[in-house]
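> heads up, no residue letters with this:
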């Protein structure tokens, strides 16, 4: 503990021949402070809760092929989103038509896709709305998670978007578009 030396001097006279009292400094013992520090560290370690990992809820399809569970989608309400390499996103509305590929198949990135998803959602009745997400072999898992996050941010309800395998025609379209635009 802290000690203070108060000895020295008896009389309080000042003048010639009176010796001045020698002032001694205080000495602080820090040993109990170390004990207190370890007690506080121990307390906080035992009482702190670690951050809980959060996971996104996914609605996965059932294995059985029940015709009652299948949803009919109108062509006017469908939007297909294709994920390419280098964070490129491709999309088209409805069904691909061989005669209108150049005007139907469009390219964008993750910055602009949110507005496109929102515009489609506003223009389509909720019962008819369906987004089909397809990832190319060159796309990353992060891109798949980003597009699902975009669906959540845009307020697209579960059941109005699904993941599917990419077709050969779509692969060819992506490859041609990437080679034309020099996407590496």
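Noted; the coordinates are in hand. Only a predicted model underlies this, so the values are computations on that prediction, with no experimental measurement involved.
> Then residue 145 would be within a helix, right?
Yes: using DSSP: H, G, I helix; E, B strand; the rest coil, the assignment for residue 145 is a helix.
> what's around it, how many residues?
Using other CB atoms under 10 Å, residue 145 has 11 other residues around it. No exception for glycine: its C-beta is placed from N, CA and C like everyone else's.
> how close does it sit to residue 135?
11 Å (CB to CB, to the nearest Å).
> what does residue 168 give?
The value you get for residue 168 to residue 135, if CB to CB is used, is 15 Å.
> what's next to the worst-scoring helix or strand of the chain on mean pLDDT, contact-wise?
Within the chain, no helix or strand scores below helix 101-104, which has a mean of 78 by mean pLDDT, DSSP states H and E. Residues from elsewhere that reach helix 101-104 (CB atoms under 8 Å, 6 or more residues apart in numbering): 92, 93, 94, 96, 97, 173.
> Got phi/psi on the second one?
Same thing as residue 93. Backbone geometry at residue 93, expressed as degrees, to the nearest 10, gives phi -100, psi 140.
> Name the residues of stretch 81-98 that are buried.
Going by neighbour count (16 or more other CB atoms under 10 Å), the buried part of stretch 81-98 is 81, 82, 83, 84, 85, 88, 89, 90, 91, 92, 93.
> contacting residues around whichever strand or helix holds residue 169?
In this structure, residue 169 sits in helix 168-180 according to DSSP states H and E. Residues from elsewhere that reach helix 168-180, judged by CB under 8 Å, 6+ apart: 80, 82, 84-85, 88, 90, 96, 101, 105, 107, 134, 136-137, 183.
> Let's have those residues in JSON lines, adding distance to residue 120.
Below are the contacts of helix 168-180 laid out as JSON lines (distance: CB to CB, whole Å):
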{"residue": "80", "distance to residue 120": "11"}
{"residue": "82", "distance to residue 120": "15"}
{"residue": "84", "distance to residue 120": "19"}
{"residue": "85", "distance to residue 120": "24"}
{"residue": "88", "distance to residue 120": "19"}
{"residue": "90", "distance to residue 120": "15"}
{"residue": "96", "distance to residue 120": "16"}
{"residue": "101", "distance to residue 120": "19"}
{"residue": "105", "distance to residue 120": "15"}
{"residue": "107", "distance to residue 120": "16"}
{"residue": "134", "distance to residue 120": "16"}
{"residue": "136", "distance to residue 120": "21"}
{"residue": "137", "distance to residue 120": "26"}
{"residue": "183", "distance to residue 120": "24"}
